[in-house]
Structure formats: structure tokens, C-alpha cells
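1. Quick one, what's the 3D model for this:
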Amino acid sequence: MVANVQAPARSQGAIASPSRRGGFSLIELLVVLALIVILGAIGVPFALETIRRTTFVSAADCTANLLRVARLQAIRQNAEIEVTVEGRTLVVATGQDHPPSCQLPAVVDTVAVDGWMVNGGEPLFRSNGTALEDGAFRFADRRGNRLEVRLAPAAVGRIEVRKFDGLNWVGRDQGGWQWL
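-> Numbering: from 1, shown residues only. A predicted model of the protein is given here:
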């Protein structure tokens, strides 16, 4: 008795070669690697610029907060308190061993003072929280962006961070800041 045995039918999409194994070909890996390089070439400069801009704005925010601390210290201690500039560091002169300070990062290319002429270019807060006079710290970076921490009017000690748009100083609440 002869048995009639048939080979199992192959599906039409099956690979015929028994040596073919699962995995990726060299061409597929090179395409994926090329895509990663292209996305990195586009994304890395954008990320670095975002970090630089955020650090620049943080320097202005730190300065504004330091001025607010100095104002509150003047009220709390019922004394005149000034903010001094020591190189790239702004310091609240409170007489403490470790006074509040703000170290300006390297992205801040220049620091200028506008106003505060009576006290030698440094803001001074009176014991009632008012400032001796109006003034501002102005920061610039290498790309030409300029930020200002403005203390005005002196009678109320209002502190605001603004950006120069080429014509005017613009506050955060007055629309989006444009960056160079």
C-alpha cells in the first residue's frame, strides 16, 4: 500500500530562501541613521538657541527678583538698602554674611546702568519701599537682543522686565518679544 502524501502548500507571500532570517538590512539601517543625522542638524541649533535665550531672560528675571528682595529688605529692616554691582554679580547690601545675589551668566555680553545717578549708578531703596530715583539695568547679548530691568516710578518701586524691539522698550504684557 502506497501512501499518497502531499507537501503542505506554501502561502504566496512566504520567502523561499531558508537562509533568510529576521532583522534589518544594511540599507534600512543607513536610511534610519541618515534621518537621525538630518533631524539632529535641524534640531540641535534650535535647542541651543532656546537654551541661550532662556538663560538671557533668566538673568533679567533674577535681577528683577533681586531688586524686589532689596525693596522688601528695606521695608523689613526699616533701613536704606542698596543693590551693588560687583563685576558680573549683583548683590543686595544687607550687612549679612551671605547677602542675596545674582550671578550674570556668560550669555549676557554687556551690562549698562540707566539712571540712579544720585547713588553712583546703583539703586537705593528707602525704609518705606520707595526708591531714591528711577533707573534700569540693561543687558545685551552678542546677537543684539537687549533686555531692561526698569525700576520706575521711584515713588512706588515698580520693577518690570522689558525688551527693546528696535524702537521702544516693550513689556511682557504688551505682546510677544521678537528675538534676533
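2. Give me the helices and strands touching the lowest-mean-pLDDT helix or strand in the chain, please.
-> Lowest on mean pLDDT, DSSP states H and E among the helices and strands of the chain sits strand 110-115, with a mean of 84. Counting contacts by 3 or more CB pairs under 8 Å, 6 or more residues apart in numbering; DSSP states H and E, strand 110-115 packs against strand 135-140. The way it works is simple: take the backbone N, C-alpha and C, and place the C-beta from them, glycine included.
3. Please export the alpha-carbon coordinates of the strand it packs on; CSV is fine.
-> The C-alpha coordinates for strand 135-140 follow below in CSV (Å, rounded to 0.1, in the frame of the first residue of the first chain):
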residue,chain,number,x,y,z
GLY,A,135,16.7,103.7,36.8
ALA,A,136,17.4,100.4,35.0
PHE,A,137,19.9,97.7,34.4
ARG,A,138,20.2,96.9,30.7
PHE,A,139,21.6,93.7,29.3
ALA,A,140,22.7,92.9,25.8
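4. Remind me what it packs against, helices and strands.
-> For strand 135-140, the elements it packs on are helix 26-77, strand 110-115, strand 146-151, judged by 3+ CB pairs under 8 Å, 6+ apart.
5. Which secondary structure element is home to residue 92?
-> Applying DSSP states H and E as the criterion places residue 92 in strand 89-93.
6. Name the next helix or strand following that strand along the chain.
-> strand 101-103.
7. pLDDT score for the residue positioned nearest the centre of the chain?
-> In the chain, the residue lying closest to the centroid (CA atoms, centre = their mean) is residue 54, at 1.1 Å. pLDDT, residue 54: 93.
8. if I look at it, how far off is residue 131?
-> 29 Å (CB to CB, to the nearest Å).
9. got any ranges where the chain has weak pLDDT?
-> Scanning the chain for pLDDT under 70 picks out 1-20.
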